[in-house]
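Student: how does the following fold in three dimensions:
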Amino acid sequence: MDYGPFTVGYHPPGTRHSDEIGQSGAHFFSIEVAEKWLAHAREYAPSFNPTTQLCGGEIVWLAMKLHRKHRAKEVSSPLTIEGIVLEMLAETAKPRHVEEHGRPRWLARAMDFLQSRFSENLTLEQVAVEVGVHPVHLSRVFRKTYHTTLGEYLNGLRVEFAFEQLKNPEVDLSELALAAGFADQSHFTRVFKRITGNTPGAFRAFNRPH
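Tutor: Predicted coordinates for the structure are as follows:
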């Protein structure tokens with residue numbers, strides 16, 4: 001197989017392979033998938049048993065999204081990683097699509113669950129169990145309906161919470177980061193700046209009464 005720029009290749013577990021890299025060099029972004037996530041893909045698509053292959057279409061954009069978050073160090077939330085990787089796996093097979101007419105009720109339950117538990121380190125499985133749907137289906141329908149991933153939506157809720165807390169000039173930023181559900185203050189700062197255009201410190205200084 002020849003890998004060009006922005007090419008996604010899938011190697012099934014146990015595949016033996018070798019790579020030859022040209023003189024111009026190359027960069028690879030590798031994702032190793034645990035067996036339990038392969039099992040989830042088989043649940044969603046019983047025919048899931050892909051061979052070594054090159055993948056195109058939407059899977060490339062999903063891979064690029066995950067790579068951007070990796071480069072920006074924004075993949076601390078399991079929801080972000082799990083949702084994107086499961087969708088990538090589903091794209092390599094012929095999934096058993098479940099038709100949804102309108103906006104399903106379980107989607108509203110998922111939103112309520114995220115809003116009430118945003119400060120926790122939630123996983124895709126937790127949310128899927130709570131609303132009673134398959135993790136792949138949850139991730140796909142949520143993204144297609146709201147044009148964002150569950151992880152990105154969760155970060156938005158955390159930033160909204162931080163907005164209110166930053167009105168208090170005495171609030172400690174490192175404590176606020178943990179209270180909002182971020183891994184640490186640097187993670188909080190990166191996500192806050194990406195969403196608002198300002199760091200938490202700059203936002204608080206700008207809104208401080210003169």
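
Student: contacting residues for the residue lying closest to Cys55 once chain neighbours are set aside?
Tutor: Using C-beta to C-beta, 6 or more residues apart in numbering and skipping the chain neighbours, the partner closest in space to Cys55 is Val8 (4.5 Å). Placement of C-beta: from N, CA and C, glycine included. Val8 sits next to Leu54, Cys55, Gly56, Ile59, Val60, Ala63, Met88 when contact means C-beta atoms under 8 Å, 6 or more residues apart in numbering.

Student: can you tell me how far the residue nearest the centre of the chain sits from Asn155?
Tutor: Among the residues of the chain, Thr80 comes closest to the average C-alpha position under C-alpha atoms, centre = their mean, at 1.7 Å. Distance, Thr80 to Asn155, using C-beta to C-beta, to the nearest Å: 8 Å.

Student: give me the common contacts of these two.
Tutor: When C-beta under 8 Å, 6+ apart defines a contact, the residues bordering Thr80 and Asn155 alike are Glu74.

Student: quick one: strands adjacent to the lowest-mean-pLDDT helix or strand in the chain?
Tutor: Per-element confidence for the chain was summarised using mean pLDDT, DSSP states H and E. The lowest value among helices and strands belongs to strand 53-55, with a mean of 76. With DSSP bridges as the criterion, the sheet partners recorded for strand 53-55 are strand 8-10 (antiparallel).

Student: centre of the chain to the partner strand, how far?
Tutor: Here strand 8-10 is found 19 Å from its chain centre; the criterion is C-alpha atoms, centre = their mean, to the nearest Å.

Student: give me the next element, helix or strand, following it.
Tutor: Moving toward the C-terminus from strand 8-10, the first helix or strand encountered (DSSP states H and E) is helix 35-44.

Student: the closest residue to Arg204 other than its chain neighbours - how many residues pack around it?
Tutor: Nearest residue to Arg204, sequence neighbours excluded (C-beta to C-beta, 6+ apart): Leu166, at 4.6 Å. By other C-beta atoms under 10 Å, the residues close to Leu166 number 20.

Student: how near is Leu166 to Met111?
Tutor: Where Met111 is concerned, Leu166 sits at a distance of 24 Å (C-beta to C-beta).

Student: over to Pro50?
Tutor: 33 Å.
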